[in-house]
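> The following block contains a protein sequence and its predicted model.
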Amino acid sequence: MQVTVYRGEHVTTDPGQPLSALLAEDGQAVWVALDRARALDLQVLTDVFHFHPLAVEDAQKTGQRPKIEAYDEHLFLTVHAARGDHGAALALDEVDIFFTPRAVVTVSRGDLGVLQEARGRLARAPGQLRRAPDFVLYTLLDAVVDSYFPVLDRIDAQIERLEDHLFRRPTGRALGALFRTKRALLQARRHVVPLRDTLNVLMRRETALVTEAVILYFRDIYDHVLRITDQIDTHRDLLSGALEIYLTLVSNRLNEVMKVLTVITAVFALLTVITGIYGMNFVRPFPSFEAPYGFWVIIGAMVVLAAAMVAFFRRAGWV
């Protein structure tokens, strides 16, 4: 458990005071970061903060959908921060947030990068703002939303490489990368779009926990969410277009192969007719195999006919 107290210009990390004493003081914001893997940390949710049992149960388990739930004296939020560690692949870190008039409590698995980013932003924020718990909540949500921008930039670069590769040489490997990228975008959209409902609750004054001065900051996050959603939709359209290009190129390539095979079949069909006639069991009229140079005359005639057919097909534009 990591406790950070914001008293105007002063920031205290892990003070020696008990949590109950810190929560009783006015004019400050307390951020308590708990590790989901530690049972003692999670016990604080019930013993010290007395949060609703349903919210505590959700915080103990991962795999929750993005949401916001209002209880009598606190809000419970579930958000997912993006972490693109492997190219266009998307990994998500779930962060559960309890928001009270005096404190913000986060529950996650370990000290995530998005939490470290939020601490850095709070350290640079004006002291008058960061002493308010709703501004601490804003900073957390802003860091979570901004974590999607670098991932989308990497996906954008991946789409450009896929398009170039598909134009040069469409392969099954490129098709697999295309579907993986599309799946990552779908996963990102599924976790970003519900944030609009969360921010609407915080902006529409449906709760007295958010002050008028901080509502403007939540509007800025809402704008970022809309930008991310539009960017995801644009990338999905680009991938759909790339898939259509892939299928068109493969179809055209198959047509070219079939035309070549048809020409080869037609040429060999004519040669097969000639050899079949000379394979019949009767005296050959002309030239017979017993005639001088008869074999080579037939071979020459077959070569001339084959060349004539290839020239005809080429002139017709088939090859």
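Everything's here; your move.

> C-alpha from now on. contacts and neighbour counts both.
Noted.

> residue ranges with poor pLDDT in the stretch 201-319 of the chain?
Within the stretch 201-319 of the chain, the ranges that satisfy pLDDT under 70 run 206, 280-292, 294, 319.

> where along it do the helices fall?
Applying DSSP state H, counting those that start in this stretch to the stretch 201-319 of the chain gives helices spanning 212-277, 294-315.

> got the residue ranges for the strands in the protein?
2-7, 10-13, 29-35, 67-70, 75-83, 91-99, 103-108 (DSSP state E).

> could you check the angle strand 103-108 makes with the first one?
Same thing as strand 2-7. Going by axes from the mean of the first three to the mean of the last three C-alpha atoms, to 10 degrees, strand 2-7 is angled at 150 degrees with respect to strand 103-108.

> Which of the residues in strand 2-7 are classified as buried?
Buried residues in strand 2-7, counted by 16 or more other C-alpha atoms under 10 Å: Val3, Thr4, Val5, Tyr6, Arg7.

> got it, and the second one?
For strand 10-13, the buried set under the neighbour-count rule, 16+ other C-alpha under 10 Å, comprises Val11.

> Make a markdown table out of the helices of the stretch 201-319 of the chain and add distance to Val136.
Formatted as a markdown table, these follow (distance: least, C-alpha to C-alpha, whole Å):
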| stretch | distance to Val136 |
| --- | --- |
| helix 212-277 | 10 |
| helix 294-315 | 74 |
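
> Tell me which of those lies nearest to Val151.
For Val151, the closest of those is helix 212-277, at 10.6 Å, according to C-alpha to C-alpha.

> Pull the distance from that closest one to the chain's centre.
Taking C-alpha atoms, centre = their mean, to the nearest Å, one finds the center of helix 212-277 at 19 Å from the center of the full chain.

> same check, this time on stretch 121-132
Relative to its chain's centre, stretch 121-132 lies at 32 Å (C-alpha atoms, centre = their mean).

> Let the chain start at 224 from now.
I'll keep to 224 as the first residue from here, and by that count the last item is stretch 344-355.

> Touching that stretch from outside, list them.
With C-alpha atoms under 8 Å, 6 or more residues apart in numbering as the test, stretch 344-355 has contacts from 229-234, 250-252, 325, 358-359, 362.

> sorry, back to before: take the buried residues of strand 225-230 and write them to TSV, including distance to Asp443 and pLDDT.
Below are those laid out as TSV (distance: C-alpha to C-alpha, whole Å; pLDDT from 0 to 100):
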residue	distance to Asp443	pLDDT
Val226	27	88
Thr227	25	87
Val228	25	88
Tyr229	23	87
Arg230	25	85
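
> Let me know which of the strands of the chain is the nearest to Gln410.
With C-alpha to C-alpha as the measure, strand 314-322 is the member of the strands of the chain nearest Gln410 (9.2 Å).

> Okay, now the sheet partners of the closest one, with direction.
Paired neighbours of strand 314-322 in the sheet (DSSP bridges): strand 298-306 (antiparallel), strand 326-331 (antiparallel).

> Take those and write them to TSV, including distance to Ala244 and mean pLDDT.
Formatted as TSV, the strands paired with strand 314-322 follow (distance: least, C-alpha to C-alpha, whole Å; pLDDT from 0 to 100):
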stretch	distance to Ala244	mean pLDDT
strand 298-306	22	91
strand 326-331	12	92
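
> re earlier: show me the one of the strands of the chain that comes nearest Glu479.
The stretch from the strands of the chain with the least distance to Glu479 (C-alpha to C-alpha) is strand 314-322; that distance is 41.8 Å.

> Centroid-nearest residue for the protein?
Note on the chain: the residue nearest the mean C-alpha position is Ala407, at 2.4 Å, using C-alpha atoms, centre = their mean.

> any idea how far Val490 is from Val496?
10 Å (C-alpha to C-alpha, to the nearest Å).

> The two: which is more packed in?
Using other C-alpha atoms under 10 Å as the criterion, Val490 and Val496 rank with Val490 on top: 18 against 11.

> re the thing from before, can you pull the contacts of the residue nearest to the residue nearest to the centre of the chain when sequence neighbours are not counted?
Here the nearest residue to Ala407 in space, its sequence neighbours aside, is Leu313; by C-alpha to C-alpha, 6 or more residues apart in numbering that works out to 5.6 Å. By C-alpha under 8 Å, 6+ apart, the contact set of Leu313 is Ala305, Arg306, Gly307, Val374, Ala407, Gln410, Ala411.

> and the last one, how many neighbours?
Applying the criterion other C-alpha under 10 Å, we find 23 residues in the vicinity of Ala411.

> ok, it - contacts?
Residues counted as contacts of Ala411 (C-alpha under 8 Å, 6+ apart) are Ala305, Leu313, Ile455.

> Show the pLDDT at the closest residue to the last one other than its chain neighbours.
Read that as Ile455. Nearest residue to Ile455, sequence neighbours excluded (C-alpha to C-alpha, 6+ apart): Leu408, at 6.2 Å. The model reports Leu408 with a pLDDT of 88.

> Arg259 versus Leu408, what's the distance?
27 Å.

> Output stretch 249-259 as CSV - backbone C-alpha positions only.
Taking C-alpha atoms only, stretch 249-259 is exported to CSV below (Å, rounded to 0.1, in the frame of the first residue of the first chain):
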residue,chain,number,x,y,z
ASP,A,249,-9.4,19.0,5.9
GLY,A,250,-7.8,20.9,3.1
GLN,A,251,-5.9,18.0,1.6
ALA,A,252,-6.3,15.1,-0.8
VAL,A,253,-5.3,11.5,0.0
TRP,A,254,-4.4,9.0,-2.6
VAL,A,255,-4.2,5.4,-1.5
ALA,A,256,-2.8,2.9,-4.0
LEU,A,257,-3.5,-0.7,-3.1
ASP,A,258,-2.2,-3.9,-4.7
ARG,A,259,-4.9,-6.4,-5.7
